[in-house]
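Q: pasting the sequence and the predicted model now:
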Amino acid sequence: MRLTRFDPDNIRVTGGSSGGFPGGGGGKLGCGTLVIALIGALVFGIDPGQMIGTLQGVQQQTSAPSPQTDAKSEEQLCSANAYALESCNALDSLNLTWQPLFEQARIAFDQPTLHFYSGGTTSGCGAAESAMGPFYCPPDQGIYIDTSFYDQLDKQLGAKGDFARYYVIAHEYGHHVQSLLGLNAKVRKEQEQNPSQANALQVRMELQADCYAGVWAGKHRDLIEPGDMEEGLTAASAIGDDTLMKNAGQSVNPESFTHGSSAERMRWLKRGLETGNEDACDTFT
């Protein structure tokens, strides 16, 4: 996908400390954090229940959010490596795509902040480590990523190409859209009231974020290159719950799905790509 170079004035980017969990962070696990923990656990062989329990335990011991940042400029952070540059280019394009849609609908819009980190960091959702994969944190409206994840996406999951990486950022941005629309809060409330439906509701959230990722790309068809769609669909398939469970040597249990099957993720990403219409992304009806 032929994205133009980012405008430093149109993005918010910070760089966190590397390694360990410096300081503390409060708040609740956001929609990206909990479910990405499951993906990271399955991919890297960690027990999901243990990982989630650890994250929740860390949160109970912490207080106000205090993301670790440094004084580097957006230009410096985004130029640190090729993956960082791609992420910033995508963030710029995503901002330019979604902000006008919110303005047209007369809904308040805030840009998310992209947080680069290495090893571990803290966020408004608590402590995080690279094994969790990229995630979105609603309390601080942050997209968190250790760019080394992209090597794992390529080498361990077989999802190659720049569009596969853009899909990851666009998916997390989709969670930001959901948060701004108030959908995240509504789903969290429904999950608390109906625990038996918590996973099913989470799957709908994730599939909608997949669709929103496709919508972003679909609105920029002139920038899409041959093979981009295939790269995105391959990535979506690689991180489907059933595929991750099979690759981890586990039996496939649809009731424990948190993101949706490979087929579902591919279908909703493709719907967004083909329509370029956010109204086509209603996964709840």
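A: Nice, thanks for sending it over.

Q: count residues in the vicinity of Lys160, would you?
A: By other C-beta atoms under 10 Å, the residues close to Lys160 number 17. No exception for glycine: its C-beta is placed from N, CA and C like everyone else's.

Q: same deal with Glu190?
A: Neighbours around Glu190, by other C-beta under 10 Å: 13.

Q: wait, it sits on Ala200?
A: No: contact criterion C-beta atoms under 8 Å: Glu190 and Ala200 do not qualify, at 10.2 Å.

Q: shared neighbours of the two, anything?
A: Taking C-beta atoms under 8 Å, 6 or more residues apart in numbering as the contact criterion, Glu190 and Ala200 have no common neighbours.

Q: C-terminal to the helix or strand containing Ala200, what's the next element?
A: Using DSSP states H and E, Ala200 sits in helix 198-218. Per DSSP H and E, the first helix or strand lying C-terminal to helix 198-218 is helix 228-238.

Q: same for the helix holding Ala200, what does it pack against?
A: On a contact count with 3 or more C-beta pairs under 8 Å, 6 or more residues apart in numbering; DSSP states H and E, helix 198-218 meets helix 31-44, helix 82-104, helix 162-181, helix 183-193, helix 228-238, helix 262-275.

Q: Gly142 touches Gly124, doesn't it?
A: Yes: applying C-beta under 8 Å, one finds Gly142 in contact with Gly124, separated by 6.7 Å.

Q: buried stuff in the helix holding Ala200?
A: Neighbour-count burial for helix 198-218, counted by 16 or more other C-beta atoms under 10 Å, picks out 198-199, 201-218.

Q: what's the end-to-end length of stretch 124-141?
A: 8 Å (C-alpha to C-alpha, to the nearest Å).

Q: switch to numbering from 16
A: Noted, 16 is the first residue going forward, which turns the last one into stretch 139-156.

Q: ok so Tyr159 is a strand residue?
A: Yes: per DSSP: H, G, I helix; E, B strand; the rest coil, Tyr159 lies within a strand segment.

Q: low-confidence ranges, the chain, go.
A: Along the chain, the parts satisfying pLDDT under 70 run over 31-87.

Q: centre-most residue in it?
A: Glu187 (2.7 Å; C-alpha atoms, centre = their mean).

Q: for Ser145, see how far away that one is.
A: In this view, Glu187 and Ser145 are 15 Å apart by C-beta to C-beta, to the nearest Å.

Q: likewise for Arg236?
A: Following C-beta to C-beta, the distance that separates Arg236 from Ser145 is 34 Å.

Q: which one's more surrounded, the two?
A: Taking neighbours as other C-beta under 10 Å, Arg236 and Ser145 compare with Ser145 leading, 22 against 10.

Q: looking at it, Tyr151 is touching Leu195, isn't it?
A: No: using C-beta under 8 Å, Tyr151 is not in contact with Leu195; the gap is 11.4 Å.

Q: more neighbours: the two, which one.
A: Neighbours were tallied for Tyr151 and for Leu195 using other C-beta under 10 Å; the higher tally belongs to Tyr151 (29 against 18).

Q: show me what the more buried one bridges to in the sheet.
A: Ile158 (DSSP bridges).

Q: so it versus Ala185, what's the distance?
A: 11 Å.

Q: do the same with Lys201
A: 22 Å.

Q: mind checking which of the two has more residues around it?
A: Per other C-beta under 10 Å, whichever of Lys201 and Ala185 has more neighbours is Ala185, with 26 against 13.
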